[in-house]
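[1] model this:
(chains A and B)
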Amino acid sequence: MAAVQDGQMELDAEKETKPEILSDGTSNLSGNTASGTLSSSPLTAAPAGGAPKMEDQQTLIAVLQFLKRNKLTDSVEILRREAGLGEDQEDSQATDGSGGGKGDVDGGDANSLLSRVSITSAAAPQSVIIFHSIIFFYSYRFGKVGGADDQPDVSVVLSAYSQQGDPSLYQVYYSGLKNFIESVLDCHRAELSQLFYPLFVHMYLELVYNNHENEAKAFFEKFSGDQECYYQDDLRVLCGLTKKEHLKGNEVLLDFRTSRFVLRISRDSYQLLKRHLQERHNNQIWNIIQEHLYIDIFDGMPRSKSQIDSMSGSLAGEGKREVNKAKVFHGLLKEPEIEVPLDDEDDEAENEEGKPKKKKTKKDSLGSKSKKQDPNAPQQNRIPLPELKDSDKLDKIMYMKESTKRIRLGPENLPSICFYTFLNAYQGLTAVDFTDDSSLLAGGFADSTVRVWSVTPKKLRKVKSAADLNMIDKESDDVLERIMDEKTASESKILYGHSGPVYGVSFSPDRNYLLSSSEDGTVRLWSLLTFTCLVGYKGHNYPVWDTQFSPFGYYFVSGGHDRVARLWATDHYQPLRIFAGHLADVTCTRFHPNSNYVATGSTDRTIRLWDVLNGNCVRIFTGHKGPIHSLAFSPNGKFLASGSTDGRVLLWDIGHGLMIGELKGHTDTIYSLKFSRDGEILASGSMDNTVRLWNSMKAFDEVETDDFTATTGHIHLPDNSQELLLGTYHSKSTPVTHLHFTRRNLLLAAGAYNSQ
Amino acid sequence: IEERRFAEVPRESIKLMAESTGVELSEEVAALLAEDVCYRLREATQNSSQFMRHAKRRKLSVEDFNRALRWSNTETVCGYGAQDALPFRPLKEGELFFVEDREINLVELALATNIPKGCAETMVRVHVSYLDGKGNLEPQGTVPTAVQSLSEDLLKYYQQITRAILGEDPHLMKVALIDLQSNSKIAALLPYFVYVISGVKSVSHDLDQLNRLLHMVKSLVQNPYLYLGSYVRSLVSSVMYCILEPLAASINPLNDHWTLRDYAALLLSHIFWTHGDLVSGLYHQILLSLQKVLSDPVRPLCSHYGAVVGLHALGWKAVERVLYPHLPAYWANLQAVLDDYSVSNAQVKADGHKVYGAILVAVERLLKMKALSLTLAAEGSSAGLPGTTTGAVGFRENSPGLSPPPEPLSEPPLGIASHLQAGGAGCQWEEWTPVSLPAMYCELYSFFGDSLAVRFSTDPPLGGAPPPGPCQPLEGRKEPASSAPNLENTRKMPQLTASMNISPRQDGSPRMEPQPPSLAATVPGRSLSRSSSSSSVSRSRSSSSRPGRSTSQSRDIFPKSRFPLPQAGPPAFSFIIGGRQMGRRCLGRRFQTSFTPTPPLTTLPPRAYAHKLPVIGRVSKPVRRWTCSHYSLHLPL
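    You can find the predicted model right below:
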């Protein structure tokens, strides 16, 4: 199933490598012509001009060598021409490529590399393998920031385990280190214990790679019990693997080989370790540390066991501190100023929702609160956003009116909960979404269908056929009402089109479109006026686990089994951005409220935050011990909540890049998280058939973010889950699939009744 | 021993499978293949779990596994998607195990008439699960009632029961009530029934319906499987409505709303003594509202009657606390009513008599209970306690029905003082101080005169003092012969008899209404707890005590009445009960009932005017009846 399997690559080729940028190839379906959309292909995202840096050249040469070896001469030619590399240059570089090539590669460069290679592959459709190799190569490079020697040659990367010592001594090495670590002072022991797991895995894989099956088994038997319990899932995969052939195509192991496990260790502890290894001449372990681990050394107090435990657990160790240093504009965008009719028109506005009005009477300009620009907010036009249509403005007015009637929630004032139970969902409910105004409900089902229900008495109607539309008077005031076909009115509509379970659904903010992502590898855009499919976005080619519309519409993000998240615009059939870096499936994707960032959760147990503008990864959050299945931004954009299969909710401060809270209580996977409209309450819904409410305000307030914790990122979490838990609400054998706060702060929950 | 973490395919199986397709495998190849197959299986299983997780299921399905296979370019395994488990069977000869794979006749299947289950349309149903974050406050159930949906059967049950109870057929009603009282599966319907009962306010014109609803309350309260929880409050308020409100039905004097009030009061005390602990502060809320009604002169007399009866039902302590201090003020109003002999006032006056009687019964028991508590305190608990227990047991055995449990001598432990301090103005019992028994008697005697005194002299033959327990052992010990029980009894209360100077024959007609034959449990409110307890006790020894009573020899110990024997012409009847009216009048309360037997009277149901003091024909009732009642004020006519 790995994304590098050759057989599948042929398929990828067809989609990945469309050379032209058909920016307006699709029909202009959304109707809103954005003042300027993001550049329409990944290529232009990176700076194109300028001579490629040394590192880039090395990478390119490595790619060229790879191509040559695979007899892809055409591609070699094109790539060479594109990159402006001479034959001699390549040769000369190639010779010292293995020895030299020291130096850092930062994310930005790697990204430009990515786009560069896309160009080449674009020109040669049959050479797509590169593309995926490059992705992994990229992540490999990306993970490697330290001063260790780089091996630019792809083949070297893929056979990183070729060097070997005496297989029988591995156990001696490992237990020697174990004895050492157990004998050091307590404060260092916790830190150095982090080494156990990556070392164990790498030594085991080395043994397996070099066909020492029995030694590998013995090694595993002896030391697997020492590993932290939260690595059990990985160990289970590992222990089944005893042959070199198995390594090929196993995702988890590929991750181990292509990325470096990141450890944070204080300088003192590191010195201690280094001295020990040098004294013992324990080269085997030292080599592994050099080759496969990245030790992020910091000055200061060694961390305690609980501090380490709270941050570890991901597939590739912790995030490096540098990664979370980038500035994130987490503030909200300024609300557009909209003329709001005064209260005396309230009733009419409510009755005739959806109809443009031309009241010229007294108007009250609102938005006084949003007049001040948030210092943390991005520039208004940092990302080109679609202009507001009349109907959008009307909706905004509705929103304002509703929010004046919003209930102020708090620990003493908990929300009422309405449960939408899906009955007779024998086919399996897999995804649910509500519109922002809570008028429509969509469900994705395992039988490939998407069903849309109207939650209000207003029924769902299709637009009349083209012939009938010609008949109506286009000048009339109620033309929007006249175009609807009354005969098609029904409470629910079924959308057929996918050929696999639908894992994600998302309404557009203007309620005209619906997105669905499916196991069949596509994301589909449906019209809620005609209830037909408009576009199928192909690109993932593997199951697409989640998709979501931007809060301003037009853009959407999707993430899937191919380990990347993609940013799309509805009128482009190709992705605008590819967010690559996760080491395993991207399981959930969420837009930041200001639409400038995208958060992705993954099976590799990390959360990444991506900048939509340049595709950079600006935050890596580690600490979950299981795949992440739900994410939620706080309404003010400052915080992120994440829920995983381990039943814990973690809270993150986006600005500082810190974990600021851990909410324990659920006993099963958390599939839905939602902040109340004011952000006071966090609701979490889980497979354990409960909805829990948490005092998020208190959780955010209690965190002391002094300079020290901010710089080191070593937060000491108070264990106050019980104080923060405001309530546990049971459903009747109904897993909570989705949560939604209405504009007045009523909590809606949805799930399918499970009769077993 | 190495732990086996995975299912393994043995090489023998591999060889067998190879042979079945005509390939000969060497041992070595088979071993390698077996190992690889195991690994691939594990890999596919691990991958398939991802599909399960994303489908938000806990159970790995065949479909998940096939998806994993498909995505790793492996042919999927078909034919295992059925919901039912496939039977795995052994073959006896030759150790062979296989999955049963029967052939299915597709034609038959296609033409089958039975529609497979589970093809109902997918739909969404919404319900408010938790209001304001609350909803599962009820501690006993994991599933809150709000989430429970009524099953078809329950709904049917509910409809049938309500129809039967509120319907015409009395037999059906009885059956329904009995079932409601014993059904263990109707917890989910409780809110609905409570809602129905709260409909008393809308049927206040219909005594019959009110009665039926009260019976419904009784059944619910008695159902041992129901946890009433906070619904007690709602039930109590419905019952209180029946007790206190000037019901629309009471406008018509022909309607016997008095019995309803009595019954409701009885019910109230029952709810309170059995379920009062479910709602904190209930006792005081009830007392407060009763007091409020009593002190409101604007309210009609029937409301006052309800308040008195309600207080009486709540126990003698409640009477002492609320009614007794309030009596002087109330007496003035009542007297004004009773003294007005005008024709227009006849009806009101009749009501006044009703209230008068209720108060009399209440204070009578107050005095008796108080005396008893004093005796108990004086004689020590050694003698009293066993009696209490036997009394309680007797109660349980004999009257499982409506009668409240034996009334404890103490008040409910609800922190009365603190609650009342906070109760605000208007609470007379805020500054309440215990009044000594003699003082209380004197005070009461000033109101009631001999009509009070006489009750103490004539009661004993019926089983003695109202409290069933404590006084019996005393009696039993002191008077083995039942011929002169009164003597002993009066000696126990020397304060009462010392100043008494009455003729028992004056007051003495049975004041009680006949008990409604259909509702056995409907005992007149004034009898309340005492009726059942005393009857249960007295029945056991009635045979011996009856002859003694009928001869009324006990009266000989009392001085002769100050009043002459009234000329007891049946239609007109008047007498006076002496009393010192606090200096206002020394003649005492003059009861005058001078009504000629008018034709309409006889056509009325006998109890409609039964409260109008002495109805002569009553003596024709079987003596047995009298025995059962503690209203022993019979006329020896």
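[2] contacts, neighbours, all on C-alpha from now
    Noted.
[3] name the residues of the stretch 351-500 of chain A found near chain B, please.
    Residues of the stretch 351-500 of chain A lying near chain B by C-alpha under 8 Å from any C-alpha of the partner chain: A:413-426, A:428-430, A:446, A:453.
[4] tell me where the model's unsure across the chain.
    Answering for chain A, as no chain was given. A:1-56, A:83-165, A:249, A:251-252, A:254-255, A:339-373, A:703-715, A:755-756 (pLDDT under 70).
[5] the chain in question should be chain B.
    Of all residues in chain B, those with pLDDT under 70 make up the ranges B:1-6, B:83, B:113-120, B:132-150, B:378-434, B:450, B:453-637.
[6] remind me, longest helix of it?
    The residue-count maximum for a helix in chain B (DSSP state H) belongs to helix B:346-379.
[7] for it, name the packing helices and strands.
    helix B:301-314, helix B:316-318, helix B:324-339, helix B:437-448, helix B:450-458 (3 or more C-alpha pairs under 8 Å, 6 or more residues apart in numbering or on different chains; DSSP states H and E).
[8] residues contacting the longest one, please?
    Which is helix B:324-339. Applying C-alpha atoms under 8 Å, 6 or more residues apart in numbering or on different chains, the contact partners of helix B:324-339 are B:294-295, B:297, B:345, B:348-349, B:352-353, B:356, B:363, B:428-429, B:447.
[9] repeat that with 6 Å
    With C-alpha atoms under 6 Å, 6 or more residues apart in numbering or on different chains as the test, helix B:324-339 has contacts from residue B:349.
[10] got the angle for it vs helix B:346-379?
    Orientation check (axes from the mean of the first three to the mean of the last three C-alpha atoms, to 10 degrees): helix B:324-339 against helix B:346-379 gives 150 degrees.
[11] and the angle from helix B:324-339 to helix B:301-314?
    150 degrees.
[12] what bridges to the residue most central in space within chain A?
    Against the mean C-alpha coordinate of chain A, by C-alpha atoms, centre = their mean, the closest residue is residue A:600 at 1.3 Å. For residue A:600, the beta-bridge partners are residue A:589, residue A:608 (DSSP bridges).
[13] count the neighbours of the nearest residue to residue A:435 once chain neighbours are set aside for me.
    Counting by C-alpha to C-alpha, 6 or more residues apart in numbering or on different chains, the nearest residue to residue A:435 once its immediate chain neighbours are dropped is residue A:507, at 5.9 Å. Neighbour count for residue A:507, taken as other C-alpha atoms under 10 Å in any protein chain shown: 26.
[14] verify the stated contact: residue A:507 with residue A:525.
    No. Applying C-alpha atoms under 6 Å, one finds residue A:507 not in contact with residue A:525, separated by 9.6 Å.
[15] how far does stretch A:642-653 stretch from one end to the other?
    Distance across stretch A:642-653, first residue to last, is 12 Å (C-alpha to C-alpha, to the nearest Å).
[16] so can I have CSV of the helices and strands packed on helix B:346-379 showing mean neighbour count?
    Formatted as CSV, these follow (neighbours: other C-alpha atoms under 10 Å in any protein chain shown):
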stretch, mean neighbour count
helix B:301-314, 29
helix B:316-318, 22
helix B:324-339, 16
helix B:437-448, 19
helix B:450-458, 24
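[17] can I get the ones you listed in TSV including distance to residue A:609?
    Below are the helices and strands packed on helix B:346-379 laid out as TSV (distance: least, C-alpha to C-alpha, whole Å):
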stretch	distance to residue A:609
helix B:301-314	70
helix B:316-318	71
helix B:324-339	77
helix B:437-448	85
helix B:450-458	90
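[18] strands of the stretch 1-150 of chain B, start to end?
    Secondary structure of the stretch 1-150 of chain B (DSSP state E, counting those that start in this stretch): strands located at B:88-91, B:96-99, B:123-130.
[19] select, out of those, the one closest to chain A.
    In terms of C-alpha to the nearest C-alpha, the element of the strands of the stretch 1-150 of chain B nearest to chain A is strand B:123-130, at 4.2 Å.
[20] so which elements touch the helix or strand that that closest one is followed by?
    In the C-terminal direction, the helix or strand that comes right after strand B:123-130 (DSSP states H and E) is helix B:152-166. In this structure, helix B:152-166 packs against helix B:170-182, with contacts taken as 3 or more C-alpha pairs under 6 Å, 6 or more residues apart in numbering or on different chains; DSSP states H and E.
[21] ok, and what's touching the next helix or strand after the helix it packs on?
    Where DSSP H and E defines the elements, the next helix or strand beyond helix B:170-182 is helix B:190-197. With C-alpha under 6 Å, 6+ apart as the test, helix B:190-197 has contacts from residue B:213.
[22] orientation of helix B:190-197 relative to helix B:152-166 in degrees?
    Going by the same axes, to 10 degrees, helix B:190-197 makes 20 degrees with helix B:152-166.
[23] what are the buried residues along helix B:190-197?
    Within helix B:190-197, the residues scored as buried using 16 or more other C-alpha atoms under 10 Å in any protein chain shown are B:190, B:193, B:194, B:197.
[24] pull the residues that contact the helix or strand immediately after it in the chain.
    Using DSSP H and E, the next helix or strand after helix B:190-197 towards the C-terminus is helix B:207-222. The contact list for helix B:207-222 (C-alpha under 6 Å, 6+ apart) reads B:177, B:180, B:181, B:197.
[25] ok, now stretch B:152-162?
    Here stretch B:152-162 makes contact (C-alpha under 6 Å, 6+ apart) with residue B:176.
[26] pull out the buried positions in that stretch.
    By neighbour count with 16+ other C-alpha under 10 Å, stretch B:152-162 contains the buried residues B:154, B:158, B:161, B:162.
[27] okay, that stretch in PDB with CA atoms only?
    Coordinates of each C-alpha in stretch B:152-162 appear next as PDB, following Å, rounded to 0.1, in the frame of the first residue of the first chain:
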ATOM      1  CA  GLU B 152     -44.800   0.800  20.600                       C
ATOM      2  CA  ASP B 153     -45.800  -1.500  23.400                       C
ATOM      3  CA  LEU B 154     -45.300   1.100  26.100                       C
ATOM      4  CA  LEU B 155     -47.200   3.600  24.100                       C
ATOM      5  CA  LYS B 156     -50.100   1.200  23.700                       C
ATOM      6  CA  TYR B 157     -50.000   0.500  27.400                       C
ATOM      7  CA  TYR B 158     -50.100   4.100  28.200                       C
ATOM      8  CA  GLN B 159     -53.100   4.700  26.000                       C
ATOM      9  CA  GLN B 160     -55.000   1.700  27.400                       C
ATOM     10  CA  ILE B 161     -54.300   2.600  31.000                       C
ATOM     11  CA  THR B 162     -55.300   6.200  30.700                       C
END
